[in-house]
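Asker: sharing a model that was predicted from the sequence below.
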Amino acid sequence: FPEDSGAMAHPVQPKSYQEISNFYTATVYEKGAELVRMVETILGIDGFRSGMDLYFSRHDGQAVRIDEFLQAMSDANHVDLSAFRQWYDQAGTPVIAISEHMQNHQLHIHIKQSCPITADGSEKKPLMIPIRFSVYRKDGTILNQLPKILMLTQEQQSFVFDIPEPIVLVNYLQGFSAPVILKRELTIENWLDLMKVEQDGFALWDSKQQFMVQSIQQAYSNEKAPQLTKALVDIFQSWMNNTSFSFELKAELFKLPSIQECMVGLYEVDPIVLNQAHEDFEYAFSKALESILLEFFNAHEHQENRAIRALKNVCLQYLMKAAPQNFASRCWAYFESAKNMTNRVAAFYAMMQTKDDV
């Protein structure tokens, strides 16, 4: 939610306005929608449906507020959601810092929430935040006897669970269970371990983003070309072959984070050096995965399914980056034979990214 960190930051339900057009914002619509979805996360699908049934039976045809909606959800499920109301009054995207450790066959999870100061000057109080999480064994199976959600209501909270396993992997925010920024102090190797076992689409994508950002930032700080391990290549190979993943998810998993995302957490950034580190990582990534990408593109080049198109056009970008001299004529043919604007723009963009005279 970029608006949350800018000069136009405001609560989802502003208390005042200069003109009604001020209400037509991404915060009111998109973040507001996430808050409703978060209520479903807290109550479950059946609980949310019960709340909606009560809401409509009480207020069908009436002009009511979010307060009536939350009250119906509370009454139908006998749950106190009064603390959730703060989400509508407070601007800013919460930052959730999580750490965990094993001790005496117990998993200790410590969570701290905070919210940066925003331009609107709204008071920052602890929010009611559902954190969906999974605990994996090293072989990738899930420990199902644990709860699915950690309910955060205070500035700091700790959770302790008995774990029969000596070593486990823990990941958070499955299904984007709350509109927050997740912070964890993990090494690149830790992220790789999570990428091997994670099964949720969003949490997997988020782990991949964190891994790539950290790798690019390390290359930037060390002024060295990034090195891609066989373990990483094997992970992406497994994703490409995973039939339970949609083509759209695969397309997102193979995309690199933007330069702007790689700037987060760096101070006094040299944009030229960072851009070079980003390009170096993209080239190394393209070369390491060239055979995987080419195999998919060859098999699906002439298929026009929207989902397949999303992934094959990502492959096209990397193939032009990996071997422009070998692939340029084919990229041009793809451009000329394109039957839709999506493919034509993708081919044009791929050709524009290469610095070689091809």
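Answerer: Yep, that arrived. Numbering: from 1, shown residues only.

Asker: what pLDDT does the model give the closest residue to Tyr17 other than its chain neighbours?
Answerer: Leaving aside its chain neighbours, Tyr17 sits nearest to Phe23 (6.4 Å; criterion: Cβ to Cβ, 6 or more residues apart in numbering). No exception for glycine: its C-beta is placed from N, CA and C like everyone else's. Looking at Phe23, its pLDDT is 75.

Asker: count of residues packed around Phe23?
Answerer: 13 (other Cβ atoms under 10 Å).

Asker: go on, the one 10 residues further on?
Answerer: Under the neighbour criterion other Cβ under 10 Å, Ala33 is assigned a count of 12.

Asker: so how far is Phe1 from it?
Answerer: Distance from Ala33 to Phe1, counting by Cβ to Cβ, to the nearest Å: 11 Å.

Asker: next: Ser215.
Answerer: Ser215 is 26 Å from Phe1, by Cβ to Cβ.

Asker: out of these two, which sits in the busier spot?
Answerer: Ser215 (22 against 16).

Asker: show me the shaky parts of the stretch 1-150 of the chain.
Answerer: Applying pLDDT under 70 to the stretch 1-150 of the chain flags no residue at all.

Asker: what ranges do the strands span in it?
Answerer: 95-103, 106-114, 129-136, 149-152 (DSSP state E, counting those that start in this stretch).

Asker: which residues touch the residue lying closest to Thr93 once chain neighbours are set aside?
Answerer: Distance criterion Cβ to Cβ, 6+ apart; nearest residue to Thr93, sequence neighbours excluded, is Asp4 at 4.4 Å. Counting by Cβ atoms under 8 Å, 6 or more residues apart in numbering, Asp4 touches 27, 31, 91-93, 118.

Asker: okay, the strands of the stretch 1-150 of the chain, which one's buried deepest?
Answerer: Ranked by mean neighbour count, the strands of the stretch 1-150 of the chain are led by strand 129-136 with a mean of 21 (mean count of other Cβ atoms under 10 Å).

Asker: quick one: contacts of that one?
Answerer: 38, 41-42, 94, 96, 98, 107, 109, 111, 113, 142-143, 146, 148-153, 161, 163, 168-175, 177-178, 180, 197-200, 203.

Asker: need the CA coordinates for that strand. CSV is fine.
Answerer: Provided in CSV are the C-alpha atoms of strand 129-136 (Å, rounded to 0.1, in the frame of the first residue of the first chain):
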residue,chain,number,x,y,z
ILE,A,129,-3.6,-9.0,13.5
PRO,A,130,-4.1,-12.6,12.5
ILE,A,131,-0.9,-14.2,11.4
ARG,A,132,-1.4,-17.5,9.6
PHE,A,133,1.6,-19.7,9.9
SER,A,134,2.9,-23.2,9.2
VAL,A,135,5.6,-25.4,10.8
TYR,A,136,7.4,-27.8,8.5
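
Asker: distance between that strand and the chain's centre?
Answerer: Strand 129-136 sits 14 Å away from the centroid of its parent chain (Cα atoms, centre = their mean, to the nearest Å).

Asker: and the strands in the stretch 201-350 of the chain?
Answerer: Listed in chain order, the stretch 201-350 of the chain contains no strands at all (DSSP E, counting those that start in this stretch).

Asker: between the strands of the stretch 1-150 of the chain, which one is nearest to His300?
Answerer: strand 129-136 (31.6 Å; Cβ to Cβ).

Asker: just the angle between the closest one and strand 106-114, please?
Answerer: If you take axes from the mean of the first three to the mean of the last three Cα atoms, to 10 degrees, strand 129-136 sits at 150 degrees to strand 106-114.

Asker: would you mind measuring from the residue nearest to Tyr17 to Ser16?
Answerer: Distance from Phe23 to Ser16, by Cβ to Cβ: 11 Å.

Asker: what do you get for Asp206?
Answerer: Using Cβ to Cβ, Asp206 is found at 35 Å from Ser16.

Asker: between these two, which has more neighbouring residues?
Answerer: Using other Cβ under 10 Å as the criterion, Asp206 and Ser16 rank with Asp206 on top: 20 against 6.

Asker: shouldn't the more buried one be in contact with Leu173?
Answerer: Yes - Asp206 lies in contact with Leu173 (Cβ atoms under 8 Å); the separation is 6.5 Å.

Asker: what touches both of the two?
Answerer: Leu182.

Asker: so which residues of the stretch 51-200 of the chain form helices?
Answerer: Counting by DSSP state H, counting those that start in this stretch, one finds helices in the stretch 51-200 of the chain at the ranges 66-77, 86-89, 188-197.

Asker: how about the ones you listed, which one is nearest Phe327?
Answerer: helix 188-197 (27.7 Å).

Asker: what's the neighbour count on the nearest residue to Phe245 once chain neighbours are set aside?
Answerer: Excluding the flanking residues, the one nearest Phe245 by Cβ to Cβ, 6+ apart is Trp239, at 6.2 Å. Using other Cβ under 10 Å, the number of residues around Trp239 comes to 17.
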